[in-house]
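> Quick one, what's the 3D model for this:
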Amino acid sequence: MGLITLFLSLIDILGSLIIFFQYFPISLVVLYFGYILLVKGVWSILSSFSSGYYFDWMGFIDTISGISLILIYYNLKILPFTLIAILALFKGLYSLFLSL
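The predicted model follows:
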């Protein structure tokens with residue numbers, strides 16, 4: 001379980017860096033990271049709702065990060081991406097330290 005959490009936290013950190021540096025070459029990598037984070041966030045929110053926990057802040061950050069990366073891929077830079085990137089980076093670092 002620790003290896004999976006480590007891998008997912010690295011995806012969070014890389015996704016947040018892509019959001020922060022919006023001048024990353026737009027390629028399918030950005031879109032794939034967006035879909036991975038979006039699916040991970042929605043899965044986390046749905047599984048926490050089914051267990052009766054209605055405040056899944058980590059899933060919410062993943063969902064917003066995934067949507068942001070998809071918007072960056074389509075050159076729609078309308079959200080406060082810097083704030084989202086900082087939140088996603090702290091969430092990724094938090095998950096990384098928990099997995100070690």
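> Need the single longest helix in this protein, by residues.
The single longest helix within the chain, with elements called by DSSP state H, is helix 28-50.
> What helices and strands are in contact with it?
On a contact count with 3 or more C-beta pairs under 8 Å, 6 or more residues apart in numbering; DSSP states H and E, helix 28-50 meets helix 2-20, helix 57-73. Where C-beta positions appear, they are placed from N, C-alpha and C, glycine not excepted.
> Could I get the phi/psi values of residue 79?
Phi and psi for residue 79, reported as degrees, to the nearest 10, are phi -90, psi 160.
> rewinding a little: the helices and strands packed on helix 28-50: which one's closest to residue 82?
Nearest to residue 82 among those is helix 2-20; the distance by C-beta to C-beta comes to 6.6 Å.
> Could you find the closest non-adjacent residue to the spatially most central residue of the chain?
Closest to where the C-alpha atoms of the chain average out (C-alpha atoms, centre = their mean) is residue 62, at 3.5 Å. The shortest distance from residue 62 to any non-neighbouring residue, by C-beta to C-beta, 6 or more residues apart in numbering, is to residue 41 (3.0 Å).
> What residues does that neighbour make contact with?
Residue 41 is in contact with 59, 60, 61, 62, 63, 64, 65, 66, counting by C-beta atoms under 8 Å, 6 or more residues apart in numbering.
> which of these has the most neighbours?
Neighbour counts for the contacts of residue 41 (other C-beta atoms under 10 Å) peak at residue 65, which has 31 neighbours.
> thinking again about what came up before, return the most buried member of the helices and strands packed on helix 28-50.
Ranked by mean neighbour count, the helices and strands packed on helix 28-50 are led by helix 57-73 with a mean of 21 (mean count of other C-beta atoms under 10 Å).
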